[in-house]
Each structure stands twice: as C-alpha cells, then as structure tokens.
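Student: any chance you can model this:
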Amino acid sequence: MEIIHLNDEFIKLGQALKVANLADSGAEAKIMVQDGLVRVNGETEVRRGKKLVAGDIVEYNGKTVKIEA
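Tutor: Alright, predicted model coming up:
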C-alpha cells in the first residue's frame, strides 16, 4: 500500500492518482475516473475533483493508496 501525505487539508482524486504514479497525466486520470475504474473507500468514484482527506483509501487496478495527514 502506498501512502500519500497531505500538505493541505485535502488532495483531489486526479492529483492523488498522479502523485501515486497510477496515472501519467491529468488526462489519463480523468479517463480512469470517468470510466468507473477508481474506487474511494470501497465505492466507485466518477468525480476527478473529489476531495480526499486523511483516512481515505483509493483503489485502482489492484493497487491501494492511503491518504494520511
């Protein structure tokens, strides 16, 4: 499991996917999310701008990323 440490109160889903190297670009992240391939806290998420906060778990293609403060 990869960990992303927040610098602010939140990070947007699209940015988190890039930081975790799950997406190479914002455009790729957008497609992944719009296609329903990304789960946040066990639920399919289709909003690339979804604000993630400490404790959130992102899943994509068998990889898991945890958001921490």
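Student: list the neighbouring strands of the longest strand along the chain plus their orientation.
Tutor: What stands out as the longest strand in the chain, according to DSSP state E, is strand 63-68. Using DSSP bridges, strand 63-68 pairs in its sheet with strand 2-5 (parallel), strand 57-60 (antiparallel).
Student: residue boundaries of the helices in this protein?
Tutor: For the chain, the helices defined by DSSP state H cover 13-19, 26-34.
Student: flag every buried residue along the last one.
Tutor: Just to be clear, that refers to helix 26-34. Neighbour-count burial for helix 26-34 flags 29, 30, 32, 33 (criterion: 16 or more other C-beta atoms under 10 Å). (C-beta placed from N, C-alpha, C; glycine too.)
Student: JSON lines for those residues, including pLDDT?
Tutor: Converted to JSON lines, the buried residues of helix 26-34 look like this (pLDDT from 0 to 100):
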{"residue": "29", "pLDDT": "97"}
{"residue": "30", "pLDDT": "96"}
{"residue": "32", "pLDDT": "98"}
{"residue": "33", "pLDDT": "98"}
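Student: ok, which pair from the residues you listed is furthest apart?
Tutor: Across these, no pair lies farther apart than 30 and 32, at 7.3 Å, counting by C-beta to C-beta.
Student: possible to save the helices of the chain as TSV with distance to residue 51?
Tutor: As requested, the helices of the chain are exported to TSV (distance: least, C-beta to C-beta, whole Å):
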stretch	distance to residue 51
helix 13-19	8
helix 26-34	13
